[in-house]
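A.B. asks: need a 3D model of the following:
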Amino acid sequence: GVRTKSTHFDVVANEETFKTELGIVAESFDAQIRFTDIFGLSAATPTALTVNSIPDEAPRVDFENLPGESAILETETLDLRVIAKDDYGITMLELYLGVQAIDGQSHEPDRLSKKEEQATDAKILDLAFPFDPSFLGLKGGDVAILTAKAIDRAPDREPSVSREIILHVVGPEEHAEAVRRRMEEILAQVSEIAREEEAIMLENVRLSDEAFDELDERQSDKALESLAESQRDNARDLRETAEEGAETLREALRNPLFDENALTEWSETLRKMEEVASNEMAKAAQSIDQAKANPSSAKPNLSEAEQSEQEALESLREILEQANEQLDDLEALTLAQRLRQVQKTENRLGEVLVSHLPSTIGQRSKALPEKQLKVQSELENTQIDAHVETELL
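C.D. replies: Below is the predicted model of the structure:
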């Protein structure tokens, strides 16, 4: 049997095992177990047993692989996954959405989804939800605030609440303009790399035609080493710029406003940049290294390096010419889209003004409630932004 100082527990036993119900263990206690065999024999002393009470911890809940703050396009869908874990048993998981609208209004969190667990010993519960801003009525400029709540089987316990996930909803027009500006910056970087390549080629010519014969071996080695290093650095810069362009291209693929052919052309331009860095520029650096290693054939090697640099420079000029044309097309696209966005903003402002008219008509501005004053201030700021954007366009 099993016994504590004050309680005796009934035991169900067979030949090899026994079972007893201890009930709810509110606090730790010591017990004794006495075994008696079929012949009525038992140990001289009982077996000591300590039962420790472990507190039931609150469940833990979080969003999987999601930063605390990020941007999402109106037109895209974000696959959310929320995971709740508990030490004894999870029973329910809920997803909530709060909104700070661009017109200044705030909406209290509403439940988007709920999942219940029937198994009493389930310690993990996950919930998947396709978050689609347009389907949920969100517009560019709105801020979505996501939270999740988890409930375990402890009686009367408050739900555990996850961290907040803040999603800035971006309109496709605003996103397209941001991508265009980034591409413009990348093009400026390529232009700077082309100027550096021209400077490297001129230094190559100077060493080969003018100063190389006048330098001693130590000076020539140092000059050639510096030139080769400059060439490798320039190739690396071009390669990294191409990688930045590829990242911008991936960002553009999120936006349905971009023409597929235009993105294909941009991808081809980035591929050419990679080729120039890996071929012509790499060959030029290799030829300069050979000139340093073999002083007797330095001039032919430098001549080969000059040829590779000239080819790299011509390729970069072609890339810049093509990229400028692509950028012009992109600017025309974003200009039209930005004008449409201004029109949408004005339409939305009109709708908000009309919706607030019944509650504000006939009142002075100073007499309006605080909530109405906040809406009025937001509308004024939005109108000023639209005016500034129109002047820029």
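
A.B. asks: please count neighbours and contacts with C-alpha atoms only from this point.
C.D. replies: Will do.

A.B. asks: those helices in the chain, which residues are they?
C.D. replies: Using DSSP state H, the helices of the chain run over 172-206, 217-252, 260-278, 280-293, 298-360, 370-392.

A.B. asks: which one, of those helices, ends up nearest to residue 42?
C.D. replies: helix 217-252 (76.7 Å; CA to CA).

A.B. asks: what packs against the closest one?
C.D. replies: For helix 217-252, the contact count by 3 or more CA pairs under 8 Å, 6 or more residues apart in numbering; DSSP states H and E identifies helix 172-206, helix 260-278, helix 280-293 as packing neighbours.

A.B. asks: so for that helix, mean pLDDT?
C.D. replies: Helix 217-252 carries an average pLDDT of 90.

A.B. asks: on that earlier part again, so which of the helices of the chain is the most surrounded?
C.D. replies: Greatest average neighbour count among the helices of the chain goes to helix 280-293 (a mean of 23), per mean count of other CA atoms under 10 Å.

A.B. asks: and that helix, what does it pack onto?
C.D. replies: helix 217-252, helix 298-360.

A.B. asks: quick one: contacts of that helix?
C.D. replies: With CA atoms under 8 Å, 6 or more residues apart in numbering as the test, helix 280-293 has contacts from 220-221, 224-225, 227-229, 231-232, 234-235, 297-302, 304-309, 311-312.

A.B. asks: cutoff 6 Å now
C.D. replies: Residues outside helix 280-293 that contact it (CA atoms under 6 Å, 6 or more residues apart in numbering): 221, 228, 231, 235, 298, 301-302, 305, 308, 312.

A.B. asks: want to throw those residues into JSON lines with distance to residue 275?
C.D. replies: Shown next, in JSON lines, are the contacts of helix 280-293 (distance: CA to CA, whole Å):
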{"residue": "221", "distance to residue 275": "29"}
{"residue": "228", "distance to residue 275": "19"}
{"residue": "231", "distance to residue 275": "15"}
{"residue": "235", "distance to residue 275": "10"}
{"residue": "298", "distance to residue 275": "26"}
{"residue": "301", "distance to residue 275": "22"}
{"residue": "302", "distance to residue 275": "21"}
{"residue": "305", "distance to residue 275": "17"}
{"residue": "308", "distance to residue 275": "13"}
{"residue": "312", "distance to residue 275": "10"}
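
A.B. asks: quick one: low-confidence ranges for the stretch 101-250 of the chain?
C.D. replies: Per-residue confidence for the stretch 101-250 of the chain (pLDDT under 70) gives these ranges: 210-218.

A.B. asks: so what's residue 72 closest to, chain neighbours aside?
C.D. replies: Distances taken as CA to CA, 6 or more residues apart in numbering put residue 169 closest to residue 72, at 5.1 Å, once the chain neighbours are dropped.

A.B. asks: what is the neighbour count of residue 12?
C.D. replies: 11 (other CA atoms under 10 Å).

A.B. asks: ditto for the one 3 residues further on
C.D. replies: Other residues lying near residue 15 total 7 when counted by other CA under 10 Å.

A.B. asks: quick one, phi/psi of it?
C.D. replies: Phi and psi for residue 15, reported as degrees, to the nearest 10, are phi -70, psi -30.

A.B. asks: so residue 97 sits against residue 110, correct?
C.D. replies: Yes: using CA atoms under 6 Å, residue 97 is in contact with residue 110, at 5.3 Å.

A.B. asks: more neighbours: the two, which one.
C.D. replies: residue 97 (20 against 13).

A.B. asks: any chance of the helices of the chain in TSV, plus distance to residue 64?
C.D. replies: Listed next are the helices of the chain as TSV, based on distance: least, CA to CA, whole Å:
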stretch	distance to residue 64
helix 172-206	25
helix 217-252	22
helix 260-278	31
helix 280-293	43
helix 298-360	34
helix 370-392	34
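
A.B. asks: nearest to residue 35, out of those helices?
C.D. replies: helix 217-252 (71.6 Å).

A.B. asks: what angle sits between the closest one and helix 260-278?
C.D. replies: For helix 217-252 against helix 260-278, the angle by axes from the mean of the first three to the mean of the last three CA atoms, to 10 degrees is 160 degrees.
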